[in-house]
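# Curious how this folds, go ahead:
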Amino acid sequence: MSRPVVFGDFPTLGCSFIALDLEYGPEPLIWLIGVCLVGPSSARYLALWADTAEEEERNLRRLTEIIAENAVLPVVTWNGNGADMPQLRNAAKRLKLGQALDVM
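Below you'll find the predicted structure:
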């Protein structure tokens with residue numbers, strides 16, 4: 001169809017939310033964190049790239065700041081509980097970030 005297709009009831013998000021997408025491979029590295037801060041009349045896109053564990057850690061810390069700064073907004077992600085959220089939890093454990101990702 002060359003366009004997004006929604007199955008079931010459309011989620012009630014209001015006009016402001018955070019869209020989050022992670023890219024990762026079989027190796028334990030989240031190499032791209034894509035964030036879109038959606039507001040009533042604008043959208044702000046951020047792409048946080050990583051080639052090393054140090055860059056990944058920096059990006060995860062930045063993601064927690066973004067989420068904390070916008071704590072009232074819901075976070076929408078691709079298959080969050082089945083894909084992105086487990087990847088975030090695994091990365092936090094692997095990088096010994098402790099509770100840094102608990103804001104999500």
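# can you give me the helices for this protein?
Secondary structure of the chain (DSSP state H): helices at 53-69, 84-94.
# where among the ones you listed is the average confidence lowest?
Per-stretch mean pLDDT for the helices of the chain is lowest at helix 84-94 (a mean of 88).
# wait, isn't Glu55 in contact with Ile33?
No. The criterion here is CB atoms under 8 Å, and Glu55 misses it with Ile33 at 10.6 Å. Backbone N, C-alpha and C define where each C-beta goes, glycine included.
# hang on, the earlier thing: save the helices of the chain as CSV, and put in distance to Arg3 too.
Listed next are the helices of the chain as CSV, based on distance: least, CB to CB, whole Å:
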stretch, distance to Arg3
helix 53-69, 28
helix 84-94, 22
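# Comparing Glu55 and Ile33, which shows the higher neighbour count?
Ile33 (24 against 15; other CB atoms under 10 Å).
# show me the residues around that one that make contact.
Ile33 makes contact with Leu20, Asp21, Leu22, Leu46, Ala47, Leu48, Ala50, Asn59, Leu60, Arg62, Leu63 under the criterion CB atoms under 8 Å, 6 or more residues apart in numbering.
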